[in-house]
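In: my questions are about this predicted structure, shown below with the sequence.
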Amino acid sequence: MQNAIINITNLRLRTFIGFNPEEREKKQDVVLNIEIHYPADTACVSGDEVEHALNYKTVTKAVISIVETGHFLLLEKLVADILGECHSHPTVTYAKVRVDKPHALRFADSVSLTLDWQK
């Protein structure tokens, strides 16, 4: 089996994230890194037919919608919702999502949380 790995790197979005009053009123930057595995046997030998591959643009658009329209108290909930979208596609065998919240802590570049899922 040929295992394809799609990486979406440093997708920069804005969302409501946090439970402090100022975080509930103003969108903040978040940076997403997503890794998705799926079997690519058919896509590799199908004669270049798009329907045999996982469409990363479709996944990314759905993730953008989740993030930009959502209101999240916890980074865990945001990451879990993104991860759920990634493994909702039937061919996905593994997915890992990391979300960074830049400038969440004084003197730190960011705080991040990572979750993964395996079939």
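Out: Now that the structure is in, tell me what you want to look at.
In: how about the closest residue to residue 101 other than its chain neighbours, secondary structure?
Out: Distance criterion CB to CB, 6 or more residues apart in numbering; nearest residue to residue 101, sequence neighbours excluded, is residue 111 at 5.1 Å. Yep, even glycine has a C-beta here, placed from its N, CA and C like the rest. Following DSSP: H, G, I helix; E, B strand; the rest coil, residue 111 is assigned to strand.
In: doesn't residue 65 lie inside a helix?
Out: Yes. Residue 65: assigned to a helix according to three-state DSSP.
In: who's in contact with it?
Out: By CB atoms under 8 Å, 6 or more residues apart in numbering, the contact set of residue 65 is empty.
In: try 10 Å this time
Out: residue 85 (CB atoms under 10 Å, 6 or more residues apart in numbering).
In: tell me how far it lies from residue 84.
Out: 13 Å (CB to CB, to the nearest Å).
In: before we move on, what about residue 35?
Out: To residue 84, residue 35 is 15 Å away according to CB to CB.
In: doesn't residue 74 make contact with the residue nearest to residue 101?
Out: No. Using CB atoms under 10 Å, residue 111 is not in contact with residue 74, being 11.9 Å away.
In: which residue packs closest to residue 72, ignoring adjacent ones?
Out: Closest residue to residue 72 apart from its sequence neighbours, by CB to CB, 6+ apart: residue 78 at 4.3 Å.
In: next SSE after the helix or strand where that neighbour lies?
Out: Using DSSP states H and E, the element containing residue 78 is helix 75-86. Using DSSP H and E, the helix or strand that directly follows helix 75-86 along the chain is strand 94-102.
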